[in-house]
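when you get a sec, could you give me coordinates for this:
(2 chains)
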Number of protein chains: 2
Amino acid sequence: MTEHTYAVIMAGGGGTRLWPVSRQEKPKQLLPLLGQDTLFQGTVRRLENLFSPAQIFVVTVEEQAREMRLQAPQIPPENYLIESAPRGTASVVGLAASVLYQRDKNARMAVLPADHFIRNRDLFHYLLNAAFDVAEHGYLVTLGITPTQPSTAYGYIQQGAPLEGNYKYPTYQVRNFKEKPDEQTAQKLLRTGDHSWNSGMFIWRADSILKEIDRQLPELGGALKKISAVWGTDQQAAVLHENWKELKNITVDYGVMENAERVAVLPASGLGWSDVGMWSSLFEVLLPDMNGNIATNSNLHLSYETHNTLVYGGGNDRLIVTIGVDDMVIIDGGDVLMVCKTDQSQKVKDVVEHLKKHRQDKYL
Amino acid sequence: MTEHTYAVIMAGGGGTRLWPVSRQEKPKQLLPLLGQDTLFQGTVRRLENLFSPAQIFVVTVEEQAREMRLQAPQIPPENYLIESAPRGTASVVGLAASVLYQRDKNARMAVLPADHFIRNRDLFHYLLNAAFDVAEHGYLVTLGITPTQPSTAYGYIQQGAPLEGNYKYPTYQVRNFKEKPDEQTAQKLLRTGDHSWNSGMFIWRADSILKEIDRQLPELGGALKKISAVWGTDQQAAVLHENWKELKNITVDYGVMENAERVAVLPASGLGWSDVGMWSSLFEVLLPDMNGNIATNSNLHLSYETHNTLVYGGGNDRLIVTIGVDDMVIIDGGDVLMVCKTDQSQKVKDVVEHLKKHRQDKYL
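Sure, this is the predicted structure:
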């Protein structure tokens, strides 16, 4: 990587799909779901040896920034870009690009969600390098994930013709982006062989993305110009706030990528990627024991005839005993205990909806 | 009932089959397993309208007596007979009989475990009355429970010929007592049609049982004479202690009943009896909702696609969520969480053994 290369971690999301552990005030990325590190810390650590801490930026909201600075103190405080309110990933990406462009007209950036998991770090580094090479030619590049099942939890990217030129890794033009499909459509997409999951990881030159924002989202483009003009001065917060409150909530995928002129995809296999989107995902990202079980606190888990079961929680000397339990997720949180059949873990969102509707805010 | 009729509640047992709720220091009978009342309180309440509190005696150990007096303050303090150490049910029965006989040569007594459940209180009263009538003729009477399944958890009583005479309820001589059988034997016993479960409930005249103790267990008989001679005096505790420590641990079933001369059984159906011997028993004694679920704290149980599941615990505003859970027992204790397939709830004893072996005393 060169001195002009930056990583931008998107970390503003709330998300309750890992309820009851993730809460409104303690979202997924700030939790040590996978061991010692939080997902955010894992994302930062994954960038080591590729970016210096000064080259890593984080876009987040005020409520989360304090905790993030504690979790990743190596990142300079001024590299935390604080949205005055969440306005979707198009704004996140735009803010980061304009701030980087303001200080470095040659800025190239990788945009990475804070709350994903990637097992194969070496391959991840290799792909980022390959993607930066493609981005050098003005492409908005996205990492696709080669599907392993007809998932309805992700958007899909259809690839077109291979990019002309000499690239390290098979790279394709993007034909189109598709929103999360239903089951039947997902199966159809899987069979085509030319669709990837949209991982939400993007690589581009700051000037390339800013040009597309100006073209497709002129309102955002205008706001960004006013903000970047005063960035680093006393007026930064006030101007950001003033311009941010008027913005529409829009994602970069549909606000920019879908109709951008030069878009490329690198379809990646073997990354060991997961968006850790629900409890059943943890079976993909943690290493089960010989019975298929995962216990975050295995010293305090006694299991009898138990298979393919996740036991999350415990601690404080609390003993968890399972007898004759198969294919379950057991989440022992402070004020909530959840016992859930693994293949029904998407129903957690129904529980969260129920609690919202009944104003049981303390559990949210 | 007459002024000479007494109930004796046997309440010394420890028992960890309902671990992790029952503990060494808080045995089953002292727990509010079935709602507001503890099993002990339920046993006392079941005797209301049949016995005045002054006619109810409790045999227990010092460690439990204090809590019992708090739970059943209506029973006079001097009616708590404290064993200096547990010496089996033969000693319990003998102590109660000799103390009662000492104050009332015409004493008749029903001996009842403190930790059982009986749904049909009216039938229970009817059977006790019928059994006292039989006992009047010098019989040691036991209530048998007509088996509903080939249980290996209970001893069995084989009935012989019907008793001659005019009795309220079908009453039989006892041919023999059998220890807990294995599965195959239990199925055989069930098919004979002449076997009842041994409920551990006995009805007799004090002089009848004392005579049998003298004949079969002369050592115990001798001790009881020394103790009852000083009962109610300053020497009571010292003499009890002195004589009790030498006694062998022996049950009334095998120490007395098996070889007693006049033994009768009333085989009872429809009592709704349970010894609440393991967690799966609670499905017999509590009333499940339309999905077959039982929650001791149903306000704080959110269930989705959950059937035939017991959720025990919660409280302190702790929410318990179950999703896609079938045929499970979930016990949320203070320092232990147990999730157990209902039909494997007998394995709790393996857990307790494991904890003992590994000296995890704090969980016992």
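
CA only for contacts and neighbour counts going forward, please
Will do.

across the sheet, point out what pairs with A:Thr60.
With DSSP bridges applied, A:Thr60 shows beta-bridge pairing to A:Ile82.

and A:Pro267, by the same measure?
A:Gly144.

give me every residue that touches it.
Applying C-alpha atoms under 8 Å, 6 or more residues apart in numbering or on different chains to A:Pro267 gives the contacts A:143-146, A:170-171, A:196.

ditto for A:Leu287
Contact partners of A:Leu287, counting by C-alpha under 8 Å, 6+ apart, are A:Ile294.

and it, what's its pLDDT?
The confidence metric pLDDT takes the value 87 at A:Leu287.

phi, psi for it please.
Note on A:Leu287: backbone dihedrals following degrees, to the nearest 10 are phi -100, psi 110.

endpoints of stretch A:228-248, how far apart?
Taking C-alpha to C-alpha, to the nearest Å as the measure, stretch A:228-248 stretches 19 Å from start to finish.

what of stretch A:220-239?
Using C-alpha to C-alpha, the distance between the terminal residues of stretch A:220-239 is 13 Å.

related to what we said a few turns ago, just the buried ones from the contacts of A:Pro267?
Buried members of the contacts of A:Pro267, scored by 16 or more other C-alpha atoms under 10 Å in any protein chain shown, are A:143-146, A:171, A:196.

dump these into a markdown table; add pLDDT as well.
Shown next, in a markdown table, are these (pLDDT from 0 to 100):
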| residue | pLDDT |
| --- | --- |
| A:Leu143 | 98 |
| A:Gly144 | 97 |
| A:Ile145 | 97 |
| A:Thr146 | 96 |
| A:Thr171 | 97 |
| A:Ser196 | 97 |
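
now render these as CSV, adding distance to A:Asn293.
CSV is the format used below for these (distance: C-alpha to C-alpha, whole Å):
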residue, distance to A:Asn293
A:Leu143, 31
A:Gly144, 30
A:Ile145, 26
A:Thr146, 27
A:Thr171, 38
A:Ser196, 30
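
so which of those comes closest to A:Ala264?
A:Thr171 (6.7 Å; C-alpha to C-alpha).

contacts only, for the closest one.
Neighbours of A:Thr171 in contact, by C-alpha under 8 Å, 6+ apart: A:162-163, A:264-267.

cool, and A:Phe57?
Residues in contact with A:Phe57 (C-alpha under 8 Å, 6+ apart) are A:6-9, A:75, A:79-81, A:96.

now for these, which pair is the farthest apart?
Taking C-alpha to C-alpha, the two most distant members of the contacts of A:Phe57 are A:Ile75 and A:Ala96; they sit 15.2 Å apart.

more crowded one of these two?
When neighbours are counted by other C-alpha atoms under 10 Å in any protein chain shown, A:Ala96 comes out ahead of the other of A:Ile75 and A:Ala96, with 27 against 20.

assign a three-state SS to the more buried one, would you?
Reducing the assignment at A:Ala96 to three states with DSSP: H, G, I helix; E, B strand; the rest coil gives helix.

from what I see, it and A:Tyr80 are in contact.
No: because the distance of 9.8 Å does not satisfy C-alpha atoms under 8 Å, A:Ala96 is recorded as not touching A:Tyr80.

what is in contact with those two at once?
Common contacts of A:Ala96 and A:Tyr80 (C-alpha under 8 Å, 6+ apart): A:57, A:59.

re earlier: just the closest of the contacts of A:Phe57 to chain B, please.
A:Ile9 (33.5 Å; C-alpha to the nearest C-alpha).

got the phi and psi for A:Asn293?
phi -90, psi 150.

what about it, distance to chain B?
As defined by C-alpha to the nearest C-alpha, to the nearest Å, A:Asn293 lies at a distance of 14 Å from chain B.

ok, that residue - contacts?
A:306-311.

again, only using 10 Å
Applying C-alpha atoms under 10 Å, 6 or more residues apart in numbering or on different chains, we find A:Asn293 in contact with A:283, A:286-287, A:303, A:306-311, A:326-329.

identify those among those residues that sit within strands.
Where these overlap with strands, as defined by DSSP state E, the overlap consists of A:303, A:310-311, A:328-329.

please name the nearest non-neighbouring residue to the residue in the stretch 151-300 of chain A that chain B sits nearest to.
Shortest the stretch 151-300 of chain A-to-chain B distance, computed as C-alpha to the nearest C-alpha: residue-wise this is A:Leu300, at 9.5 Å. Sequence neighbours aside, A:Leu319 is the residue nearest to A:Leu300 in space, at 4.9 Å (criterion: C-alpha to C-alpha, 6 or more residues apart in numbering or on different chains).

for the helix or strand containing the one you found, which helices and strands make contact with it?
Using DSSP states H and E, A:Leu319 sits in strand A:319-323. Judged by 3 or more C-alpha pairs under 10 Å, 6 or more residues apart in numbering or on different chains; DSSP states H and E, the packing partners of strand A:319-323 are strand A:301-304, strand A:310-313, strand A:328-332, strand B:328-332, strand B:336-341, helix B:348-357.

was I right to think A:Gln74 contacts A:Ala54?
Yes: here A:Gln74 reaches A:Ala54: they are 8.3 Å apart, a contact under C-alpha atoms under 10 Å.

name the residues contacting each of those two.
The contact sets of A:Gln74 and A:Ala54 do not overlap (C-alpha under 10 Å, 6+ apart).

can you map out the helices along the stretch 201-350 of chain A?
A:206-216, A:218-230, A:236-244, A:252-255, A:282-285, A:348-357 (DSSP state H, counting those that start in this stretch).

quick check, central residue of chain A?
For chain A, the residue whose C-alpha lies nearest the mean C-alpha position (C-alpha atoms, centre = their mean) is A:Pro113; its distance is 2.6 Å.

now that one: closest residue in space, sequence neighbours ignored.
Using C-alpha to C-alpha, 6+ apart, the nearest residue to A:Pro113 is A:Met10, at 4.8 Å.

again, but for A:Leu95
Taking C-alpha to C-alpha, 6+ apart, and ignoring the residues beside it in sequence, A:Leu95 has A:Leu224 as its nearest neighbour in space, at 6.4 Å.

residues in contact with the one you found?
Contacts of A:Leu224 were listed using C-alpha under 10 Å, 6+ apart, and they are A:91, A:94-99, A:210, A:213-214, A:218, A:239-240, A:243-244.

just A:Leu217 next, same as before
Counting by C-alpha under 10 Å, 6+ apart, A:Leu217 makes contact with A:90-91, A:210-211, A:250, A:255-256.

separation between the residue nearest to A:Leu95 and B:Thr43?
Using C-alpha to C-alpha, which is the criterion applied here, A:Leu224 is 76 Å from B:Thr43.

coming back round to it: show me which of the ones in strands among the contacts of A:Asn293 neighbour chain B.
Residues shared between those and the neighbourhood of chain B are A:303, A:328-329 [C-alpha under 10 Å from any C-alpha of the partner chain].

now tabulate those in JSON lines and tack on neighbour count and pLDDT.
What follows is those, written out as JSON lines (neighbours: other C-alpha atoms under 10 Å in any protein chain shown; pLDDT from 0 to 100):
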{"residue": "A:Ser303", "neighbour count": "22", "pLDDT": "96"}
{"residue": "A:Met328", "neighbour count": "25", "pLDDT": "98"}
{"residue": "A:Val329", "neighbour count": "27", "pLDDT": "97"}
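
confirm that A:Ala130 sits in a strand.
No: counting by three-state DSSP, A:Ala130 is located in no strand; its state is helix.

so what's it up against?
Each residue near A:Ala130 by C-alpha under 10 Å, 6+ apart is listed here: A:124, A:167-171, A:203, A:266.

also A:Asp350?
Listed by C-alpha under 10 Å, 6+ apart, the contact set of A:Asp350 reads A:17, A:356, B:304.

pull out the buried members of these.
Buried by 16+ other C-alpha under 10 Å: A:17, B:304, out of those.
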